[in-house]
Each structure stands twice: as structure tokens, then as C-alpha cells.
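Asker: structure of the sequence below:
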Amino acid sequence: MVIGETSDTIPCTVTTRPCHGSTQQQETQPVETVSQAMLGTTETGKPHQHIQWSEEMNMFIMHQYYIITKLETIKTGYRRELHERFMRQYPKIEISEQRIADQRRAIVTKGLLSKPWLEEIRAQVAETFKATNVNTEEETTQPIDKNEQKEES
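Answerer: Sure, this is the predicted structure:
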């Protein structure tokens, strides 16, 4: 197929990127049109998106991760729930479960959020759990009014 033959072409500029660690300058080559197929697609046929991860998004991921895993006491089976929560918070971003899990790992291993930030997020979640447990314990330890029991019968 010759570039520009199909109706699904878009004007763009192709940029070649140097290998990781290379000191070469990026070279830009103007191209009149490039077909959508040349840009690459996901397994579902959608064009790839490059996501610029904000600190807010990273904090959201970690906050939700700590909640879902109960402060990392349950480390398996969190991906689906984390993905669903991310999609509710950022509905315009189409992203896979795997990519969000990869981002969570990158946040921790590459220090995309500092250790003090991670500790603060973790402490906030722990405080939420503590407050929830106290409220639950108060409800279960309060004496049951016998009049309420008779009404239920």
C-alpha cells in the first residue's frame, strides 16, 4: 500500500527516537500522510494513546490500590477493581488493567511519587480504615433495645 492511497490517512510528522541511553538527537522527517494502520493499534483495533501521567493520577492509583488491597494485606485480585475505579475517575482515558498495574509498579519502583507521599497516602487510608472499624465496633457493641426486638417479631 502506498502512503496516501486510503481514505483513512491523517497528516503527521514521523519522529524517530534514539535508543534508551543514547545521546543522538531526535530526527524529524515530514511525511504528507500516514495511514491509521501505520500508527499502530491495540489488540481491540483502537489507536494507541500516549498517556501523560499526572501526579494526581498516580496518587489516585496508589490511594485506591491501598484501599482495595487493605493496605497490601491482600495483594492478589486487585487489578480489575483498580481498573474499574480508574475508569470511573478518568472516563475519557481508555486503558487496560495491565497498564494501570504497570503504572502502579512504576510509581513504587521508579519513585514517581516520593516515599513520604506514599507513606502519607497509606496513613490516610489506614486512618479511614481505623475510623470505619471504630464505627462498626460501636454499632455492634451497643445494647439492643428490647422494644426494637419485639417490633421486629
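
Asker: report the longest helix in this structure, please.
Answerer: helix 115-141 (DSSP state H).

Asker: so what does the nearest residue to Met57 once chain neighbours are set aside have for phi and psi?
Answerer: Leaving aside its chain neighbours, Met57 sits nearest to Tyr90 (6.9 Å; criterion: CB to CB, 6 or more residues apart in numbering). Every residue, glycine included, has its C-beta placed from N, CA and C. Per-residue torsions, Tyr90: phi -130, psi 70 (degrees, to the nearest 10).

Asker: low-confidence ranges in this protein?
Answerer: Applying pLDDT under 70 to the chain flags the ranges 1-42, 48-49, 135-153.

Asker: which residue ranges of it form helices?
Answerer: Counting by DSSP H, the helices of the chain are 36-39, 55-68, 79-89, 97-109, 115-141, 146-152.

Asker: relative to Lys46, which of the ones you listed is closest?
Answerer: Nearest of those to Lys46, taken as CB to CB: helix 36-39 at 10.2 Å.

Asker: please identify the most buried of the helices of the chain.
Answerer: helix 55-68 (a mean of 18; mean count of other CB atoms under 10 Å).

Asker: sorry, back to before: okay, the helices of the chain in JSON lines with distance to Gly45 next?
Answerer: Output for the helices of the chain, formatted as JSON lines (distance: least, CB to CB, whole Å):
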{"stretch": "helix 36-39", "distance to Gly45": "10"}
{"stretch": "helix 55-68", "distance to Gly45": "25"}
{"stretch": "helix 79-89", "distance to Gly45": "19"}
{"stretch": "helix 97-109", "distance to Gly45": "17"}
{"stretch": "helix 115-141", "distance to Gly45": "36"}
{"stretch": "helix 146-152", "distance to Gly45": "56"}
